[in-house]
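1. Here is a sequence together with a model predicted from it:
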Amino acid sequence: MTPITWGAVGGGRAAAAAHHRRRFWHGVVCCGLGLGIAVLFALHVGGASLARLNLDSAPAVSVPVVVLPVRLTNAVLAAVAVAAGLLLLLRPRGRHPYAPLGLALTAFGLAFLVWAARGTEMSFEGMLANTLIDSVPLVFGALAGVMCERSGVINIAIEGQFLAGAFLGAMVGSVTGDLWLGMLGGAAAGALIGALLAFLCLRYQADQIIVGFVIVTFATGLTTFLDTQVLTPNQSVLNSPATFGPVAVPLLDRIPLVGPIVFDQNVFLYLALALLLVIQVGLFHTRWGLRVRAVGEHPRAADTVGLRVLFIRYRNVILGGAIGGLGGAALSIGSTGEFTADMSAGLGYVALASMIFGRWNPLWAASACLLFGFADSLQSTLSVLNVPIASPFLLMAPYVATIVAVAGLVGRVRPPAADGQPYRRE
Amino acid sequence: MTEVDANAASAGTPVPPAPEPVDSPPAAGPGPRRRLQAVAVPGTLVVTVLAVFSALVVGAVIIVATSTATLTAWGHVLHDPGRAVHTSWTAVETAYAALFTGALGDPAAYVHAFQQRTAGAFVAAFTPLSETLVDTAPLLLSGLAVALAFRAGMFNIGAQGQIIAGALAGAAIGLVLPGLPGTLHLALGLVGSFAGGAAAGWVPGVLKARTGAHEVITTIMLNYVVLNLLVYLLGLPFFLGGGLQVNAISRPVPAAVQLPHLAGPGLRVNGGIVVALLAAGAVWWLMRRTTLGFRFRLIGASPAAARAAGVDIPKMVTLAFVLAGGLAGLAGGVQVLGVANQLVPNFGEELGFTAIIVALLGRANPTGVVLAALLFGAFQAGGLQMQAQTSIPIELVEVIEAVIVFFIAAPQLVRQLYRIRAQGGGIRLLSQGWGG
């Protein structure tokens, strides 16, 4: 086990050794997963048991129900996981350490699903659609985090941005009767929270984690207070916005399986996808992104070459806040159609975890959001199936997974070097 | 000068203000030297008082801006400016008066009680004070849990989960072992709640020590894990007891295992506050008078110096988190064995988060945490009264508490607002990013 490194990073040889060690352990984990599939989901199932996965929901396209023999399918999936493990164990110098692990984990998940659906029919398609819907606010939140932290400001106030955005989004949408204005209001509320974070952390150099945490308390208290004091007495005027309905993308929504899931959703999903692409490309392939990353990694150097460190940080934190506010609006006017007190219920922290899980990379962070969304929708799907697992444990699973991931499965996560450190010109 | 010297000096003799220009806050300097000096802060009290005052002003503005009566009056401000001001003043005054009497009691009621000398009058007069102390006890214990971790250089957002773990263990012990004598049983329950919280604190501690996993993220995740565990366990027959129940609420802990009332059955104040104050004394002694406490503060102040001095950092990190978790667990135990008497799915709601604010306001220092917990206990008790009398939601108190910490986190802001030249008063920069 590596001891704590309080700053210093090991040399190249140590890093290579750590890489080999990690590959070895990943291999062991993969083989273990394969074995787990075989023991838990295949061996004790009768040979004639069938699982029916329903992939069809849209009337436009018709996909037949997939009928799988449980034991055979899971035996194949077990073999896939073991093969992935052996690949890692036998070729210690490979380049992509995570692909085999991901494959084995996916196999495990699929095997579990097939096993859970034994003897009945499961709406596979509906579960995937819910996964996507549940992860939309998380993606906004994770992107809000990425925007701030890539420029060197820790944003654990995502939960506060969610609540503010959900509140003002619902209120503006309700008062004006225009959902687009509501969306704008949500973004503005998030931006205000971002501005508060930036003001205290950049101008007064307050501790970013502490301020971020207190902002969440502040936003929770304020929105709950305003909900009771202002919204509830005037519910019909101030808190009854409509919701964005699904908008089908012509042609694309006719693709079997993918179409109804991805291309027949409300505008927040498309917005999240667009932002994801823009930020991913922007961060790594444009001058803007290079500057942001420079400021987040080495502000002094960035300052020396003439970048305005504080300006870039202010801009990113406020933009990030606005994106977080959109995530909040997705919760109210994108889903339930009203603001309720504490409606984000900790999702902001889940988004934060996704961002760290995804190593401050937008695409990976969004994948982590999908994982959380999947766990959530899996839990509601399984509650109607015959599965001997209590739902609290399923709800717990993604949090445990995050702990395991942060503790070493994905290796040492490396944040932007200047993340959390105030910058002061000499 | 090390942080330790600075602490000792500030405890004993007043330290002359550091000869630094006012414009550079000593707390914010990244260098270890300046960070350490910041602990000796003569301006702390001034900044704190001004921060609380400013937060109350912000709260007053929120009251005025959200009540229908004041808004109507302000709508006619050109027509009748006197009425607008008067209505606003009355709204704020009634709210804050209710907050005050709900926290400390009504002076008239005290006079009445001492004139009448009846039990009923005394109970009525002292109920607010009793409620304040009831709310203070768990806040103080969990605030100490956060403060201890702060001193060792770590941010324990996991107090919430540790509180629940402690309450689970305490309630479980309270519900089994029926034959034991009451006092022993109660002591076992408290020890059990300490152990339960310590177990929940051990996880992030050992993960940080062994793998460097950042405690902020692991403790947040653990909060959810423990919460779901609570929901699961509350569904079990052991906690539910017999009978058919709609809500998952545990059966009550037997009366013999409950913390004794301190001032008769009419007032809710119980042994919890004594436990909490003893714990504060113990933490003070640990941090100031023992080698272990010295090492905790050393790894918090300067990990490099600690390593050079041969301190086993991973062990200290784990141990600090175990002790912090134990204190938070004790808060859960005091809550379930003193006030709530049973477990509910939203047990200790928000308590662990308010604890963080308490620790920050108390500058992570046992005496400060006691004062901060008293203040927030008073806010909590008074806020309920305010909600009942003036129908202003108690969440206003939460907003005020958060604003206090904004001002304390940025003491420079307070100094600029009030044009004072006091030194320090800020929160020591704790987290230099996710790296640890």
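-> Right, received. Where do you want to start?

2. Next, please give the residue ranges for the strands of chain A.
-> Along chain A, the stretches classed as strands by DSSP state E are A:50-54, A:66-69, A:121-123, A:247-248, A:264-265.

3. quick one, which of those is nearest to chain B?
-> Proximity to chain B (Cβ to the nearest Cβ) singles out strand A:121-123 among those, at 23.4 Å. Heads up, the C-betas are built off the backbone N, CA and C, glycines and all.

4. The closest one pairs with which strands, and in what direction?
-> In the sheet, strand A:121-123 lines up against strand A:50-54 (parallel) (DSSP bridges).

5. out of everything not next to it in sequence, what's closest to residue B:59?
-> Leaving aside its sequence neighbours, residue B:59 sits nearest to residue B:400 (Cβ to Cβ, 6 or more residues apart in numbering or on different chains; 4.5 Å).

6. Pick the most deeply packed of the strands of chain A.
-> Among the strands of chain A, strand A:264-265 has the highest mean neighbour count (mean count of other Cβ atoms under 10 Å in any protein chain shown), at a mean of 22.

7. what packs against that one?
-> Where contact means 3 or more Cβ pairs under 8 Å, 6 or more residues apart in numbering or on different chains; DSSP states H and E, strand A:264-265 is packed against helix A:124-150, strand A:247-248.

8. For chain B, give me its nearest residue in the stretch 301-426 of chain A.
-> Checking the stretch 301-426 of chain A residue by residue against chain B with Cβ to the nearest Cβ singles out residue A:420 as nearest, at 3.1 Å.

9. can you count the residues close to that residue?
-> Residues near residue A:420, counting by other Cβ atoms under 10 Å in any protein chain shown, number 22.

10. I figured it was touching residue A:208, is that so?
-> Yes. Counting by Cβ atoms under 8 Å, residue A:420 does reach residue A:208; the two are 5.2 Å apart.

11. Would you confirm that residue A:335 contacts residue A:243?
-> Yes. If you go by Cβ under 8 Å, residue A:335 and residue A:243 touch, sitting 6.7 Å apart.

12. Between those two, which has more neighbouring residues?
-> When residue A:335 and residue A:243 are compared for neighbours, residue A:335 comes out ahead with 19 against 16, by other Cβ under 10 Å.

13. What score does residue 391 have for pLDDT?
-> I went with chain A, as the question did not name one. pLDDT recorded at residue A:391 is 77.

14. you looked at the wrong chain, it should be chain B
-> On pLDDT, residue B:391 comes in at 85.

15. Distance check, it against chain A.
-> Residue B:391 sits 8 Å away from chain A, going by Cβ to the nearest Cβ, to the nearest Å.

16. Spit out the contact partners of the residue nearest to residue B:59.
-> Residue B:400 makes contact with B:55-56, B:58-59, B:379, according to Cβ atoms under 8 Å, 6 or more residues apart in numbering or on different chains.

17. Any idea how many residues pack against residue A:164?
-> Residue A:164: 33 surrounding residues under other Cβ under 10 Å.

18. Excluding covalently adjacent residues, which one is nearest to it?
-> residue A:189 (3.9 Å).

19. That neighbour: what's it in contact with?
-> Residues in contact with residue A:189 (Cβ under 8 Å, 6+ apart) are A:161, A:164-165, A:167-169, A:325, A:328.

20. Could you rerun that using 6 Å?
-> By Cβ atoms under 6 Å, 6 or more residues apart in numbering or on different chains, the contact set of residue A:189 is A:164-165, A:168, A:325.

21. hang on, isn't residue A:326 packed against residue A:139?
-> No. Look at residue A:326 against residue A:139 with Cβ atoms under 6 Å: they stay out of range, at 10.0 Å.

22. Let me see the contact set for whichever residue of the stretch 251-400 of chain B sits closest to chain A.
-> Closest approach between the stretch 251-400 of chain B and chain A, counting by Cβ to the nearest Cβ: residue B:398, at 3.1 Å. Neighbour list for residue B:398: residue A:221 [criterion: Cβ under 6 Å, 6+ apart].

23. Show me what from the stretch 251-400 of chain A comes close to chain B.
-> Contact residues (Cβ under 6 Å from any Cβ of the partner chain) of the stretch 251-400 of chain A with chain B: A:349, A:356, A:390, A:392, A:395-396, A:399.

24. Of all the residues in the stretch 51-200 of chain A, which one is nearest chain B?
-> For the stretch 51-200 of chain A, Cβ to the nearest Cβ, closest residue to chain B: residue A:200, 5.1 Å.

25. tally of neighbours for that residue?
-> 23.

26. I'd say it and residue B:410 touch.
-> Yes. Counting by Cβ under 6 Å, residue A:200 touches residue B:410, with 5.1 Å between them.

27. Give me the common contacts of the two.
-> Shared contacts of residue A:200 and residue B:410 (Cβ under 6 Å, 6+ apart): residue A:206.

28. what residue is smack in the middle of the chain?
-> Using chain A here. The centroid of chain A falls nearest to residue A:369 when counting by Cα atoms, centre = their mean (1.9 Å).

29. you looked at the wrong chain, it should be chain B
-> When chain B is reduced to its mean C-alpha position, the nearest residue by Cα atoms, centre = their mean turns out to be residue B:355, at 3.0 Å.
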